[in-house]
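In: Structure for the following, please:
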Amino acid sequence: MLLRALVLIALCVSTTALAQPAEDLRDVMSARAYGMGGAYRALGLGVDAMMGNPAAMVLYPSYRMEGTGAWDSHRKEGLLGVSVIDAATSRLGMGMDYHWVSVGRGGARASAHLSSLGVGLPISQSLMLGATVRYLRMSGQSRFANSVTGDAGIMLRLSQALMAGFSAHNLVDTDNDELTRYYSAHIGVMTGLLTLAGDVRADFTTNDTTTFTYHGGLEYILGQMFPVRAGYSYDGFTRTSQVSAGLGYMSEGGGGLDFGYRHDLGGPKGRMLALTIKMNMN
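Out: As a prediction, the model looks like this:
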């Protein structure tokens, strides 16, 4: 009886560790970000600022539009999204995006509709501020949400090549497990052909404990047109390491394609494949 009880407790703990609704919507990103291990918040090169640090949308004045699709062949989860950022028309950059996300399996499967509206403002050449309002509508057999929350962020351009930032997410308490509050500190180094990035996420709320998630990645552009990417991340909730890789193509007109792949080393054993089609106009 004692052995059976211990086994049941272990199974419950394992299930709790693997099933973390708080993480389901924090992994929504582009194929480029997946390829770099989820380290993207300090770079501001795509439209990921809408889901990361909103201040990063005005790091580089331009008009950007992206469409992303991703699918995890093992976990049977996926997403579709479209995002637009206009940081060229005026000093006040604005952006919007929409993502449909399928999460969970079996009776726990749910569909999430995530919409965001963000603004960013450069206070000076070295200081940027931003904020995002986000609406989540989720439905499933056991998971429901109809909530509004928001993010805020700050970016520092420490030099032409070095950026650092801090962002706070889900600042409005909605009592939804998918929208618990967390914070991120991030840094990026861009030296022309080579880009290095690192993110740290801290969650002090979920499970009434402190949980850290780490991301690191790099990108190198071959022949001025073909970015090659690699990354690593550690999920503090599932205690799982993930490795990733990516390839891209950049056209002379500012458009391009990105492919990303993320592989779980244990844990949920996810196998995520992502594609992003993008357009960029200065």
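In: Next, the contact list for the closest residue to residue 50 other than its chain neighbours, please.
Out: In space, and not counting its chain neighbours, residue 50 is closest to residue 97: 4.5 Å by Cβ to Cβ, 6 or more residues apart in numbering. C-beta here means a position set from N, CA and C on the backbone, and glycine is covered the same way. If you count contacts by Cβ atoms under 8 Å, 6 or more residues apart in numbering, residue 97 has them with 47, 50-51, 81-84, 115-116.
In: hey, what's residue 97 bridged with?
Out: residue 83, residue 116 (DSSP bridges).
In: how far away is it from residue 116?
Out: Applying Cβ to Cβ, to the nearest Å, the value for residue 97 to residue 116 is 5 Å.
In: Need the overlap of contacts for these two.
Out: 50-51.
In: mind listing the helices for the protein?
Out: 2-18, 21-24, 31-35 (DSSP state H).
In: gap between the residue nearest to residue 50 and residue 68?
Out: 10 Å.
In: Tell me the residues that contact both of the two, please.
Out: What both residue 97 and residue 68 touch, as defined by Cβ under 8 Å, 6+ apart, is the set 81-83.
In: Let me know the closest of the residues you listed to residue 124.
Out: Ranked by distance to residue 124 (Cβ to Cβ), the shared contacts of residue 97 and residue 68 are led by residue 83 at 26.3 Å.
In: got a list of what the closest one touches?
Out: 47, 50, 64-68, 95-98 are the contacts of residue 83 under Cβ under 8 Å, 6+ apart.
In: one step back: looking at the shared contacts of residue 97 and residue 68, which one is closest to residue 23?
Out: Nearest to residue 23 among the shared contacts of residue 97 and residue 68, with distances taken as Cβ to Cβ, is residue 81, at 17.3 Å.
In: these two touch, right, that closest one and residue 68?
Out: Yes - contact status for residue 81 versus residue 68: in contact at 4.8 Å, counting by Cβ atoms under 8 Å.
In: Looking at these two, which is more packed in?
Out: A side-by-side neighbour count of residue 81 and residue 68, using other Cβ atoms under 10 Å, places residue 68 first with 28 against 23.
In: how close does the more buried one sit to residue 101?
Out: Using Cβ to Cβ, we find residue 68 at a distance of 11 Å from residue 101.
In: where do the contact lists of these two overlap?
Out: With Cβ under 8 Å, 6+ apart as the test, residue 68 and residue 101 both reach residue 79.
In: any weak-confidence spans in the stretch 51-200 of the chain?
Out: Low-confidence segments of the stretch 51-200 of the chain, defined by pLDDT under 70: 106-107.
In: Strands of that one, residue ranges please.
Out: Under the criterion DSSP state E, counting those that start in this stretch, the stretch 51-200 of the chain contains strands at 63-72, 77-86, 93-103, 110-122, 127-140, 145-157, 162-169, 182-190, 194-203.
In: Alpha carbons of the fifth one, as PDB, please.
Out: This file holds the C-alpha atoms of strand 127-140, laid out as PDB (Å, rounded to 0.1, in the frame of the first residue of the first chain):
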ATOM      1  CA  LEU A 127      16.000  54.700 -24.400                       C
ATOM      2  CA  MET A 128      12.700  53.100 -25.600                       C
ATOM      3  CA  LEU A 129       9.400  52.400 -23.800                       C
ATOM      4  CA  GLY A 130       6.500  50.300 -24.900                       C
ATOM      5  CA  ALA A 131       3.200  48.700 -23.800                       C
ATOM      6  CA  THR A 132       0.800  46.100 -25.100                       C
ATOM      7  CA  VAL A 133      -2.900  45.400 -24.400                       C
ATOM      8  CA  ARG A 134      -3.800  41.700 -24.900                       C
ATOM      9  CA  TYR A 135      -7.100  40.000 -25.200                       C
ATOM     10  CA  LEU A 136      -7.400  36.200 -24.700                       C
ATOM     11  CA  ARG A 137     -10.500  34.100 -25.600                       C
ATOM     12  CA  MET A 138     -10.100  30.400 -24.900                       C
ATOM     13  CA  SER A 139     -12.500  27.600 -25.100                       C
ATOM     14  CA  GLY A 140     -12.200  23.800 -24.500                       C
END
